[in-house]
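Enquirer: give the three-dimensional model of this entry:
(4 chains)
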4 protein chains.
Amino acid sequence: MNQDVLSKIVENNKGLISQGAVATYIPELAKVSKDYLGAVIAFPDGTMLSAGDTKVRFAIESISKTVVLALALLDNGEEEVFKHVHKEPSGDAFNSIKKLETEPDHLPRNPFINAGAIMTASLIKGKDPEDKFNRILEFMKKISEDDSLELATDIYLSEKATGDTNRGLAYYMKGQGVLSGNVEDILDVYFKQCSIYVTTESLAKIARFFANGGVLSTGERVIPKKYAQIVSGLIATCGMYDQSGEYLDNIGIPGKSGVGGGIISPVSSKKIGVAVFGPALDAEGNSVAGMGIMKDISKEMELDMF
Amino acid sequence: MNQDVLSKIVENNKGLISQGAVATYIPELAKVSKDYLGAVIAFPDGTMLSAGDTKVRFAIESISKTVVLALALLDNGEEEVFKHVHKEPSGDAFNSIKKLETEPDHLPRNPFINAGAIMTASLIKGKDPEDKFNRILEFMKKISEDDSLELATDIYLSEKATGDTNRGLAYYMKGQGVLSGNVEDILDVYFKQCSIYVTTESLAKIARFFANGGVLSTGERVIPKKYAQIVSGLIATCGMYDQSGEYLDNIGIPGKSGVGGGIISPVSSKKIGVAVFGPALDAEGNSVAGMGIMKDISKEMELDMF
Amino acid sequence: MNQDVLSKIVENNKGLISQGAVATYIPELAKVSKDYLGAVIAFPDGTMLSAGDTKVRFAIESISKTVVLALALLDNGEEEVFKHVHKEPSGDAFNSIKKLETEPDHLPRNPFINAGAIMTASLIKGKDPEDKFNRILEFMKKISEDDSLELATDIYLSEKATGDTNRGLAYYMKGQGVLSGNVEDILDVYFKQCSIYVTTESLAKIARFFANGGVLSTGERVIPKKYAQIVSGLIATCGMYDQSGEYLDNIGIPGKSGVGGGIISPVSSKKIGVAVFGPALDAEGNSVAGMGIMKDISKEMELDMF
Amino acid sequence: MNQDVLSKIVENNKGLISQGAVATYIPELAKVSKDYLGAVIAFPDGTMLSAGDTKVRFAIESISKTVVLALALLDNGEEEVFKHVHKEPSGDAFNSIKKLETEPDHLPRNPFINAGAIMTASLIKGKDPEDKFNRILEFMKKISEDDSLELATDIYLSEKATGDTNRGLAYYMKGQGVLSGNVEDILDVYFKQCSIYVTTESLAKIARFFANGGVLSTGERVIPKKYAQIVSGLIATCGMYDQSGEYLDNIGIPGKSGVGGGIISPVSSKKIGVAVFGPALDAEGNSVAGMGIMKDISKEMELDMF
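Expert: Reported below is the predicted structural model:
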């Protein structure tokens, strides 16, 4: 892979943009231009290859679930975290509630469906929601090696104003006795973590961090290797919700998407992180052109895990 | 049926009390003596037969759902109400959430499961939650022909403090786009309607009101006959949640219970209302001795509908 | 009610025929003229009022489930029968399988959904499937006071050839350890019981039998009153599957339909049986014009239970 | 890894045997000694490392699903196969039926749950069930590079005699219109494919075949690389049913188990296949000591994918 090839791959996938549409469930996401498209590959030595709109800021949305899981593991240990959330694909939609009722233990199936991500957010240490969110933000800055990350306040307020299904999930878990703490406080942390402004570059470095076993490009270890493996493994099986199997089959590497238009793929075998950004989403909420780029990068670099 | 027979029936069923336990999910209900037991039969001419603890005040809880449905019908008409909630037995528990996800229209199955009762409460007219609740209370006073009904503030506050599963149901419906209005306001009305202090006598008169086609003992018609029939019909099929079939089979008349220990049975064929009160509940949340009394009354008076 | 009124009711509802269509899942049902329409009211003294096509023979289909339940009760007693099938509305479609997996005891919810009816058929005594079916046929002849009932062999063979969903239900129950005996033998009995030729008159007499507490027009008691009440009660709550609440609300009396176009309504309060026949079905599989007639009869005779 | 280390790993895990029990749902499996334990690693050059009971013959059971999927892909192409079965984790048990009802397209979620495996078996070409099974057996011999594979007739007959839940799945799919062909014929092929006698060595070679992209140790390509990748990818996400996430997290490589006591793990990154055999199963039906060995091998050889 080199700069020219990557630029060409991005260029070649621009045609797919017309097949998607930007998320509209909050006005702030609907304002984003659907024409953005970018890709970054972050290598373990700290170098990166970038092409397209890789400096544009957008909301991390569900990709934050991977980062918060890592911090929850660091805060609580593996055993404690997985007393509150399982590691299995749910077989249902990202915002599904039914298994919270039908599973005998009422726990969310994994940390990447909304119910599980809310549970994970509830495990973050801190003296209040503000403190908890700040710890998440600082941790995200650290592992993305990007100090410019910040809360997108308007997106956060919109998420908070419209997050009734998530409220339903959280209160239902509270009612089942499996979620502890003040629900609105927990949701506040959750809505904020989803509303952090990132760039494709920062996402690529987050992906690299997980691919590299929890080590920064500086060589600094931030989390135990096992925690990075847990996150990458869960991205492989649960990262694209009930489309995870399709993604793994088509692209051959784990992927975690967000409705902001980002996708990250940590590639453990080569310790590299790949990220794309394209806010035109398909019906499942995944970046159409972004997936096209991921597929081409995977093919070009022979990243397929199988 | 006469006074002696009814007194004997109540006496005979006292032995069942030991098989039950008072509800404990809120402290206020747990404080009630489990030994209370009473029964009232209200006749269309305004007379009543009473035996046992029929003047003790207790929380109406889920029995309020029948009254609020009647008022919602009066406020909105049949067609409008049943655009928001179905009339079918759900086949699931009273606080089940899964069909809100799996049914294509995401509407509650009937007005007596919690989701459906919250929906019904949202349909009550009024300028604010206070006004809406007052309209419910006034309506309940009217049809129970009992001016002493009032809000049990401590029970309401407890219900509000612990009602997270109901909050989950309401926010989830809001998120699905089927519940309109401010969720906390709607729940406020709902928690209050469940926390009205009634006596076995007031309940028996409510039951008579429905059995008598919406007409008071004074002859005054309060709601169209059709609305009373709808309420009674739904009590028959959905009144005891996923135990409705068992109740109808064992007792032979429709029944609607509340965790406060009350049960009402409107008997349309004779225009009489029967109510019992016994806070010792079985595992399903129904008054053990109360059901015993209902069975004996039904047999003695040959009330079986079939 | 008199002959003229009934004839007029049938006439008035002919316009509804065009809103329905005959069942087509087997060729034999598809051959029936959709224009047939008839109604019979059977009174406890043995008299009947008939109007329209009341001598036409058609397949009893699901209405047989009521008769077979009565015989199963007679063969095994109430306690034994309800060890194998519940009495609750399922909240799901007539041929639903999911609750057989999700309910902890894996038993069918009631005897009128297909899974429950297959279970009930398995409880009929007899030395072989032939004998079991003959006992059902003889019992049906007896309670319909109609010796002309017979197996419609071509319908039976068609049902058997195409009954794969029912086979799925039966084998799944067998696999769960809740259905005993040879599955194909049980299904043979079940497919045959659905394929008995009846007339509207024979159905009306079956409905009367249940309404009359298990007593023939001759005064002969065939089953204990309790068994007739169980059947009628279950017709009220589960007779129209997930439309039972709507039917009870609209018509005001219990109803059990069959895809052959028949509906029976036992009216216990007056000990009369009503049956209609109209093979043009609505989307839910119920006779469109038949329900119109039922509604008019119920209104005219003031049969509403509530 | 060398012979001594592998032998020691097997030895070290013998203690886990006491925590499991042999499958007993058919007598033939119950007869197997629970003390067997063996492990084989097959390398791309054709060499193998073996330790323990690696020549003992046992039933392949669910591991056959991987082989039959590969043949179905070869027979029909990728596009056609995945018109009939999805590639997503189901989130439910291996023999679950409910999603066949609730998913709008009624298709099985993936080829490794029983419903999906029956569907896959139905796609195998051949003039009759005998021929289809023989094609499966010949294909399995080829990719396992083991001509001694054969049908275990007694196991097959037992599977056939007791396979009612599978019959339920198949007939239900037939009833939904998604499974074509004669159900008993399809099940005959399915029961036979599960009843093939293999050894740990033959399984290791099958695993290597998939890890090696569909190429034998001789260098002969049998299936396109893409098909091998599909099988390996599905093993990663769906191989251990609703324990797939746990397995991937604990062991770090894809795994597919069978109730005969075998587990295979294709390791694509090194083109090696690992297989273990230990008939003492845990509550989920997976070899207890076998998983212990897999974990130790994965750690020793640094096979973790993440």
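
Enquirer: please make it C-alpha for all contacts and neighbour counts, starting now.
Expert: OK.

Enquirer: gap between the nearest residue to A:A289 once chain neighbours are set aside and A:Y36?
Expert: In space, and not counting its chain neighbours, A:A289 is closest to A:L16: 5.0 Å by C-alpha to C-alpha, 6 or more residues apart in numbering or on different chains. As defined by C-alpha to C-alpha, to the nearest Å, A:L16 lies at a distance of 12 Å from A:Y36.

Enquirer: list residues touching both of those two?
Expert: Here A:L16 and A:Y36 share no contacting residue, scored by C-alpha atoms under 8 Å, 6 or more residues apart in numbering or on different chains.

Enquirer: can you map out the helices along chain A?
Expert: Residue ranges of the helices in chain A, as given by DSSP state H, are A:3-12, A:27-30, A:64-76, A:78-81, A:98-102, A:114-122, A:129-144, A:153-162, A:164-175, A:183-194, A:200-211, A:225-238, A:244-251, A:288-300.

Enquirer: could you dump the last one to PDB, C-alpha only?
Expert: Extracted in PDB, the C-alpha atoms of helix A:288-300 (Å, rounded to 0.1, in the frame of the first residue of the first chain):
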ATOM      1  CA  VAL A 288     -21.700   2.800   2.000                       C
ATOM      2  CA  ALA A 289     -18.600   4.200   0.400                       C
ATOM      3  CA  GLY A 290     -16.700   3.600   3.700                       C
ATOM      4  CA  MET A 291     -17.300  -0.100   3.400                       C
ATOM      5  CA  GLY A 292     -16.300  -0.100  -0.200                       C
ATOM      6  CA  ILE A 293     -12.900   1.500   0.800                       C
ATOM      7  CA  MET A 294     -12.500  -1.000   3.600                       C
ATOM      8  CA  LYS A 295     -13.000  -3.900   1.200                       C
ATOM      9  CA  ASP A 296     -10.500  -2.500  -1.300                       C
ATOM     10  CA  ILE A 297      -7.900  -1.800   1.400                       C
ATOM     11  CA  SER A 298      -8.400  -5.300   2.800                       C
ATOM     12  CA  LYS A 299      -7.900  -6.900  -0.600                       C
ATOM     13  CA  GLU A 300      -5.000  -4.700  -1.600                       C
END
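
Enquirer: right, so the helices of chain A: which one is the most enclosed?
Expert: Neighbour counts (mean count of other C-alpha atoms under 10 Å in any protein chain shown) averaged over each of the helices of chain A peak at helix A:200-211, with a mean of 31.

Enquirer: to what extent is the residue nearest to A:A289 buried, counted in neighbours?
Expert: The tally of other residues near A:L16 (other C-alpha atoms under 10 Å in any protein chain shown) stands at 18.

Enquirer: OK, contacts around it?
Expert: A:V288, A:A289, A:G292.

Enquirer: how far away is whichever residue of the stretch 1-150 of chain A sits closest to chain C from C:T162?
Expert: Residue nearest to chain C within the stretch 1-150 of chain A: A:T102 (8.1 Å; C-alpha to the nearest C-alpha). Between A:T102 and C:T162 the computed distance is 33 Å (C-alpha to C-alpha).

Enquirer: same check on A:M305?
Expert: For A:M305 relative to C:T162 (C-alpha to C-alpha), the value is 45 Å.

Enquirer: show me chain A divided up by domain.
Expert: Domain assignment of chain A by automatic domain parsing yields the ranges A:3-61+A:196-300, A:80-194.

Enquirer: and the end-to-end length of the shortest one?
Expert: The separation between the terminal residues of domain A:80-194, taken as C-alpha to C-alpha, is 23 Å.

Enquirer: what residues does chain A put near chain D?
Expert: A:87-92, A:211, A:213, A:228-230, A:232-234, A:236-237, A:242-246, A:248-249, A:252, A:267-269, A:305-306 (C-alpha under 8 Å from any C-alpha of the partner chain).

Enquirer: so A:M173 touches A:K99, yeah?
Expert: No - contact status for A:M173 versus A:K99: not in contact, 10.9 Å apart, counting by C-alpha atoms under 8 Å.

Enquirer: tell me who's in contact with the residue in the stretch 151-300 of chain A that chain C sits nearest to.
Expert: The nearest approach of the stretch 151-300 of chain A to chain C comes at A:Q176, 18.9 Å away (C-alpha to the nearest C-alpha). When contacts are counted by C-alpha under 8 Å, 6+ apart, A:Q176 touches A:H106, B:T165.

Enquirer: hmm, try it at 10 Å
Expert: Shown in contact with A:Q176 (C-alpha atoms under 10 Å, 6 or more residues apart in numbering or on different chains): A:L100, A:E101, A:D105, A:H106, A:L107, A:A170, B:D164, B:T165, B:G168.

Enquirer: same check, this time on A:E79
Expert: Counted by C-alpha under 10 Å, 6+ apart, A:E79 has contacts A:L73.

Enquirer: and if you look at A:S232?
Expert: Each residue near A:S232 by C-alpha under 10 Å, 6+ apart is listed here: A:66, A:207, A:210-211, A:213, A:226, A:238-239, A:253-256, A:265-268, D:249, D:305-306.

Enquirer: please verify my assumption that A:I124 contacts A:S180.
Expert: No - in this structure A:I124 lies outside contact range of A:S180 using C-alpha atoms under 10 Å: 11.8 Å.

Enquirer: ok, now how distant is A:K141 from C:Q176?
Expert: As defined by C-alpha to C-alpha, A:K141 lies at a distance of 53 Å from C:Q176.

Enquirer: swap in A:K226?
Expert: For A:K226, the distance to C:Q176 (C-alpha to C-alpha) stands at 40 Å.

Enquirer: neighbour count winner among A:I124 and A:S180?
Expert: Neighbour count, other C-alpha under 10 Å: between A:I124 and A:S180, A:I124 has more, with 24 against 14.

Enquirer: what sits closest to that one if chain neighbours are left out?
Expert: Among residues not flanking A:I124 along the chain, A:A72 sits closest, at 5.3 Å (C-alpha to C-alpha, 6+ apart).
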